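>>> Quick one, fold the following:
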Amino acid sequence: MADLTKNRKAYHDYHVLEKFQAGIILQGTEVKSCRAHNIQLHEAYIRIDDGEAWLINAHISLYEQGNLNNHEPLRSRKLLLNKRELRKLGDAVDQKGLALIPLNFHIGHGKIKVSVGLCRGKSKGDKRENLKERQAKREMDRAIKNQ
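I've put the predicted structure just below:
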């Protein structure tokens, strides 16, 4: 499973409660651009409309060799999930404070897949605590390495 891109901001801003794998419907030039790692997910989110999941605001750059057939970089893209998963995610998003965030794009079995996270927003205090823990771990690792 080769990662094409990660949404690092998602792990900073949200608690990831559950993860799902979803397929994505892409045009030809989008696939080539994704395989060249030209994807940005920091403003992206997922919305469920009429029993379908849509990836909104994911920026897939134009393919350099694509001519007139090139795609629109910020278009909405349909995600492929089971009905059971769609129903579960739709019910969860209706709860207060939960959101669907794309965590990463990766290649699985020759297809481009999206990891979808069911997330709850972090408060400022949670973010600060995470930074302190990460810094303390980094200092401990340095101390052990220098011994």
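>>> Going along the chain, name the helices of this protein.
8-13, 28-35, 83-94, 124-146 (DSSP state H).
>>> so how far is the second one off the chain centroid?
It stands for helix 28-35. Taking C-alpha atoms, centre = their mean, to the nearest Å, the mean C-alpha location of helix 28-35 is offset from the chain mean by 17 Å.
>>> So for it, what gets flagged as buried?
Neighbour-count burial for helix 28-35, counted by 16 or more other C-beta atoms under 10 Å, picks out Thr29, Glu30, Val31, Lys32, Ser33, Cys34. (C-beta placed from N, C-alpha, C; glycine too.)
>>> The second one and His71 touch, don't they?
Yes - with contact taken as C-beta atoms under 8 Å, Glu30 and His71 are classed as touching, separated by 5.0 Å.
>>> Quickly list what's touching both of those two.
Ile60, Tyr63 (C-beta atoms under 8 Å, 6 or more residues apart in numbering).
>>> just to revisit the earlier point, using TSV, lay out the helices of the chain together with mean pLDDT and distance to Arg77.
Formatted as TSV, the helices of the chain follow (pLDDT from 0 to 100; distance: least, C-beta to C-beta, whole Å):
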stretch	mean pLDDT	distance to Arg77
helix 8-13	84	17
helix 28-35	84	8
helix 83-94	88	15
helix 124-146	88	29
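>>> Buried deepest among those, which one?
Per residue and on average, the most neighbours among the helices of the chain fall to helix 28-35, with a mean of 19 (mean count of other C-beta atoms under 10 Å).
>>> quick one: contacts of it?
Applying C-beta under 8 Å, 6+ apart, the set of residues contacting helix 28-35 from outside is 4, 26, 39, 60-63, 65-66, 69-71, 77, 105, 107, 112.
>>> neighbours of Lys111, just the number please.
Neighbour count of Lys111, defined by other C-beta atoms under 10 Å: 12.
>>> And the pLDDT for the nearest residue to it once chain neighbours are set aside?
Nearest residue to Lys111 in three dimensions, chain neighbours excluded: Gly23, at 6.4 Å (C-beta to C-beta, 6 or more residues apart in numbering). If you check Gly23, the pLDDT there is 91.
>>> Gly23 bridge partners, please.
Beta-bridge partners recorded for Gly23 (DSSP bridges): Leu80, Lys113.
>>> can you pull the contacts of the closest residue to Gly121 other than its chain neighbours?
Nearest residue to Gly121 in three dimensions, chain neighbours excluded: Tyr14, at 5.8 Å (C-beta to C-beta, 6+ apart). Tyr14 makes contact with Ala99, Ile101, Gly117, Cys119, Arg120, Gly121, Lys122 under the criterion C-beta under 8 Å, 6+ apart.
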